[in-house]
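J.: Starting from these lines, generate the structure:
(one chain, ligands or ions: 2)
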Amino acid sequence: MTVADLPKIELHLHHEGAAPPAFIRQLAHEKRVDLSRIFKSDGSYDFRNFAHFLSVYEAACEVLKSPEDFRRLTLAILEESAANGVVYSETFLSPDFCGGGDLLAWKDYLTAIQDAADEAERKFGITLRGVVTCVRHFGPEQAKRSAHCAAETAGEWITGFGMGGNEAVGAQGDFKWAFECAREAGLRLTTHAGEFGGPESVRDAVRDLGVERVGHGVRAIEDPDLVHELVDRGITLEVCPGSNVVLGLFPDFAAHPIAKLRDAGVKVTVSTDDPPFFHTTMRREYEMLGAAFGWQVEDFAALNETALNAAFCDEETRARVKKRLETS
Ligand code: HPA
Ligand code: ZN
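T.: Ligands and ions are numbered 1, 2, ... in the order given. Take a look at the predicted model:
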């Protein structure tokens, strides 16, 4: 078996960010919305940098406007993930893009997404769980609405709460209320940090918000004391190497700090972030990491075990997915 054929666990995937460009173009066509500005002539998404990426992302969301759109999207992305060997996935779902923070609307979107997830589990053998995310550049007040939606729908399927968006806006601590609300509802916590923010943003995430996972977190490598702190606290990083390379954090996979972080004892996992935007898949991430660091089947099996242990699902689901990893 090659490393790319291994069964995989993915913990960091933005639901809308996984939409294939052809899927968004089709919805735009059906709804007669002109989105030609966000595509290159070869049909791929067109963006220059991270801030521009976020605005292209939000433009694509303009045609994802009903529970039915999200049902179709969910089926499409899970079929693609399963084709790449993913057996368990957690996706980031934002009430902001699913009803604008209105609880009743959010519940309708969630019902459609869960229906599609059930269908995908039957058809493709992939298990999905949802992590509700607030969007940092929409501000703390909107984040409270998202946290409220998350708390009201917390359970077997919505298992976590987190934050994405532009790290240059505000501070992690500004979102404390939202994270506490989610924690009190029994949700597990993660936040984006240490991607465009430096190591201090990772420290803030861990200390001010009390998260157990960090989205990216890779710039922790710039601060050895912080690396030790991550090891001591048992924090898991949701590392997305291909995303980091495309967005210019590191010139190529060989220069990416994932191997150094792993070798220092940090719990690292591998995900794609927004795969069609970053021209990647889970298969490709494994192939590129194998080529850059010589990682073998055992290395990736260990990575998946770390991911499974850090997954925000209940223990029955974890045991079931563990069997899938062992028997695939
Ligand atoms: N990073 C931060 N925020 C996001 C992303 C991302 O890759 N995708 C959607 N929101
Ligand atoms: Zn992300």
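J.: make it CA atoms for all contacts and neighbour counts henceforth
T.: Noted.
J.: All the helices of the stretch 1-150 of the chain, residue numbers only.
T.: Secondary structure of the stretch 1-150 of the chain, counting by DSSP state H, counting those that start in this stretch: helices at 21-31, 50-60, 67-83, 103-124, 140-152.
J.: Throw the ones you listed into CSV and include mean pLDDT, mean neighbour count and distance to residue 279, thanks.
T.: Formatted as CSV, these follow (pLDDT from 0 to 100; neighbours: other CA atoms under 10 Å; distance: least, CA to CA, whole Å):
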stretch, mean pLDDT, mean neighbour count, distance to residue 279
helix 21-31, 98, 15, 11
helix 50-60, 97, 16, 13
helix 67-83, 98, 20, 13
helix 103-124, 98, 18, 23
helix 140-152, 98, 23, 29
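J.: want to throw these into JSON lines with distance to residue 177?
T.: Shown next, in JSON lines, are those (distance: least, CA to CA, whole Å):
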{"stretch": "helix 21-31", "distance to residue 177": "34"}
{"stretch": "helix 50-60", "distance to residue 177": "24"}
{"stretch": "helix 67-83", "distance to residue 177": "28"}
{"stretch": "helix 103-124", "distance to residue 177": "18"}
{"stretch": "helix 140-152", "distance to residue 177": "7"}
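J.: So which residues make contact with stretch 45-65?
T.: With CA atoms under 8 Å, 6 or more residues apart in numbering as the test, stretch 45-65 has contacts from 16-17, 21, 24, 27-28, 31, 33, 35, 37-40, 70, 97-99, 165-166, 247, 276-277.
J.: which one of the helices of the stretch 1-150 of the chain lies closest to ligand 1?
T.: helix 50-60 (6.5 Å; CA to the nearest ligand atom).
J.: Hmm, residue 20 is touching residue 274, no?
T.: No - contact criterion CA atoms under 8 Å: residue 20 and residue 274 do not qualify, at 9.6 Å.
J.: Between these two, tell me which one has more neighbours.
T.: residue 274 (23 against 19; other CA atoms under 10 Å).
J.: Also within reach of ligand 1: list those from the contacts of stretch 45-65.
T.: Counting by CA under 6 Å from any ligand atom, 17, 165 from those sit close to ligand 1.
J.: Just the buried ones out of the contacts of stretch 45-65, please.
T.: 16-17, 21, 24, 27-28, 35, 38-39, 70, 97-99, 165-166, 247, 276-277 (16 or more other CA atoms under 10 Å).
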